[in-house]
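[1] predicted model follows, preceded by the sequence.
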Amino acid sequence: MDTATAQRALQAAQVALQQGRTAAAREVLTPLRKALPREKAVLYLSARLARAEGDPRSAAKLVEKALRASPREAPLWAEYASILDDAGRAAEAVKAYDRALQLEPRLVDAAVDRAVLQIRKLDRPAMIEDLRQIVRDNPSHLRGWRNLAMLEREAFATERAIAAADHVLAAAPGDPPALAIRAFAQFDSGEPSAAYFARACAADPANTGLGIKYAAALHSEGRSVEADRLLDRIIAAQPFNVDALRTQAQLRWEANLDGSPMGGFEQAVRRAGCPPEVWREYARLIERQSGAQAALEVVARSRAALGETRDVALMAAQAACEADDFADREDAFTAIASWKDPGADMLRVRWLARMHRWDELAKLGQRLLRMGLQRDVLPYLSLAWRASDPDRWHWLERDGDFVGTLDIGSRLKDIDALAMHLRSIHRSQRQPLEQSLRGGTQTDGMLFARTAPEITELKAAIEDAVREYLDGLPPRDHKHPWLSLPREIKRFSGAWSVRLQDAGFHVAHIHNLGDVSSACYITLPEMLGKGSEGQDGWLAVGEPPREFGLDWEPVRLIEPVVGKLALFPSWAWHGTRPFTSGERMTVAFDVALR
């Protein structure tokens, strides 16, 4: 093949790749690779083709051949690093980025990608400072600023995220990604954000996820009817969009709107071709709203529509776990026992706990523990060992020694002002559809991402208190599933406020997204503790849920006091005693240590 012909073929392949026509690119590149197997440009475009076709492993091998021919070409090293990242080889990708930047320090895209990779894939949050410096040194590099805005938001640094997004928008006012990040960060801040979402949606009308969050923003501003109508339009265009259906169900429930919260799901499952994921979510949510019998009815309908599939078997087991006649539904769990699937096994774990089949539960639970499912399975292992192996249970729970209380009221300037602010953001009419509280409301989103000074001060006080609590725990024990964890706050994986009123309470539950959980008391009813047992409104840690039929005492009972912060392992069952009347407002959060 002569040089001119090869050059024309390379240009044709490049255009085809730019246009996403992978078949055309392959047709051109196949003879080129046979004719010029060591040509760098052919290898590079072939690597891009392999990457476009979802084969990063082959792409990496092709670039490695090209690098052997041109070992000092910095952009090629940067491309290699990006491909290694796609292939899940993050540590190697960083080394390739390092080599690219050694050869050419002005490759800003490579520097940005290197920082983002380390934050996202290698869990090195401190690298965000490197990214901040990169964009400060390159104010016109908008891609870097977009990445910074996104990562600042993910780290709940809301004000920094807003500033970075605004930097992009100052140079490119219609930039769709920056408009979206700006809207999301505005929502996180706790300030009105619907206008920001309107602008972002106008710039990117095909972005359904943005539209769904727009609905949440409208709801947060008391415009729930408008939010419902917006979701109606999204669902009309995408009737099987699970996120939209779920959001509408939750919104209708919390705002107590006219129409069934499950109306969208009901219409979806009546359509031909309704996918399993819609049926699954419908069954899960209707169990929360109307009970296990309603979920079992949805499962029966899904079986008629989908047949005897794995999805239907999982739905059946999920509903059977919560049914009144759960003991008669062993067939549902026998059907999934041989799968060796963690999700299916966790359903079996819950059913075995309800059945009090402690030896089987302990055996299965320990297998799941070895698989790394500590946060999910420890609550159930605790039940099994408490019933059948007291020594192990005492070793795990340490008789409540992991439960700690600290006073943070003295660390806050004005707890009454904090209470007033929290009341102002409790806007729903009912408790969330999927949460543990009964007779109250819960704030939406990440509380600690809000920028109100009362929240900023509270977060700082809580961070200090959590560090004090961690420092006071027993020595690390590498054999213990919780004491073996690091003793530093990695991140807050959730934070919210709960406002319970007039006999409100929490059912016993656990948190599987954190390692340390909490209750911080902001306001309490005057008559708290005046009930017949003197413990109404108290926090019970280590008391099993009622549905397990276990008359066991909690390992610790915590008397609420304004300004008190209670901390305990996230896998510990915890709930509250009902109280007669008044307001009980708390802040709760989960801390991830890993």
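    It's in. These numbers were taken from a predicted model, which means no experiment stands behind them.

[2] surely residue 470 is in a helix?
    Yes - the assignment for residue 470 by DSSP: H, G, I helix; E, B strand; the rest coil puts it in a helix.

[3] so the closest residue to it other than its chain neighbours, which of the three states?
    The shortest distance from residue 470 to any residue other than its chain neighbours is 4.5 Å, reached at residue 487 (Cβ to Cβ, 6 or more residues apart in numbering). The way it works is simple: take the backbone N, C-alpha and C, and place the C-beta from them, glycine included. Under three-state DSSP, residue 487 falls in the coil class.

[4] residue 487 touches residue 472, doesn't it?
    No - the pair residue 487 / residue 472 is not scored as a contact, 10.0 Å apart, by Cβ atoms under 8 Å.

[5] report pLDDT for the residue nearest to residue 470.
    Confidence at residue 487, expressed as pLDDT, is 96.

[6] give me every residue that touches it.
    470, 471, 473, 476, 593 (Cβ atoms under 8 Å, 6 or more residues apart in numbering).

[7] please name the nearest non-neighbouring residue to the second one.
    Okay, so that is residue 471. residue 487 (7.1 Å).

[8] for residue 475, see how far away that neighbour is.
    Counting by Cβ to Cβ, to the nearest Å, the gap from residue 487 to residue 475 is 10 Å.

[9] residues in contact with the helix or strand bottoming out on mean pLDDT in the chain?
    None of the helices or strands of the chain scores lower by mean pLDDT, DSSP states H and E than strand 437-442, at a mean of 78. Residues outside strand 437-442 that contact it (Cβ under 8 Å, 6+ apart): 254, 426-432, 435, 496-507, 578, 584.

[10] again, only this time at 10 Å
    254, 425-432, 435-436, 496-507, 509, 575-576, 578-579, 583-586, 588 (Cβ atoms under 10 Å, 6 or more residues apart in numbering).

[11] just stretch 475-485 next, same as before
    Contacts of stretch 475-485 (Cβ under 10 Å, 6+ apart): 369, 374-375, 377-378, 381, 395-398, 402, 470, 473-474, 486-487, 515-516, 569-572, 592-594.

[12] buried residues in it?
    481, 482, 483, 485 (16 or more other Cβ atoms under 10 Å).

[13] same check, this time on stretch 131-146
    131, 132, 134, 135, 138, 141, 142, 144, 145, 146.

[14] what of stretch 427-447?
    427-428, 431-433, 435-437, 439-447.

[15] just stretch 379-396 next, same as before
    Quick answer for stretch 379-396 (16+ other Cβ under 10 Å): 379-387, 389, 392-393, 396.

[16] what packs against the helix or strand harbouring residue 119?
    Following DSSP states H and E, the helix or strand that holds residue 119 is helix 108-120. Counting contacts by 3 or more Cβ pairs under 10 Å, 6 or more residues apart in numbering; DSSP states H and E, helix 108-120 is packed against helix 74-86, helix 90-103, helix 128-137, helix 142-154.

[17] looking at those helices, which is closest to residue 317?
    Checking these against residue 317 by Cβ to Cβ gives helix 142-154 as the closest, at 34.1 Å.

[18] for residue 354, give its distance to residue 330.
    Distance from residue 354 to residue 330, by Cβ to Cβ: 11 Å.

[19] and residue 460, by the same measure?
    Residue 460 is 52 Å from residue 330, by Cβ to Cβ.

[20] grab the CA positions of stretch 497-515 and hand them over as PDB.
    C-alpha atoms of stretch 497-515 as PDB (Å, rounded to 0.1, in the frame of the first residue of the first chain):
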ATOM      1  CA  SER A 497     -33.200  15.900  60.300                       C
ATOM      2  CA  VAL A 498     -36.300  14.100  61.700                       C
ATOM      3  CA  ARG A 499     -39.200  15.900  63.200                       C
ATOM      4  CA  LEU A 500     -41.500  13.600  65.200                       C
ATOM      5  CA  GLN A 501     -44.800  14.800  66.600                       C
ATOM      6  CA  ASP A 502     -47.600  13.400  68.700                       C
ATOM      7  CA  ALA A 503     -46.800   9.700  69.300                       C
ATOM      8  CA  GLY A 504     -44.200   9.600  66.600                       C
ATOM      9  CA  PHE A 505     -41.400   7.000  66.700                       C
ATOM     10  CA  HIS A 506     -38.900   5.100  64.700                       C
ATOM     11  CA  VAL A 507     -39.300   1.400  64.100                       C
ATOM     12  CA  ALA A 508     -36.100  -0.600  64.800                       C
ATOM     13  CA  HIS A 509     -33.800  -0.500  61.800                       C
ATOM     14  CA  ILE A 510     -30.100  -0.300  60.800                       C
ATOM     15  CA  HIS A 511     -28.100   1.800  58.400                       C
ATOM     16  CA  ASN A 512     -26.100  -0.100  55.800                       C
ATOM     17  CA  LEU A 513     -24.400   2.900  54.100                       C
ATOM     18  CA  GLY A 514     -22.300   3.900  57.100                       C
ATOM     19  CA  ASP A 515     -20.200   2.500  59.900                       C
END
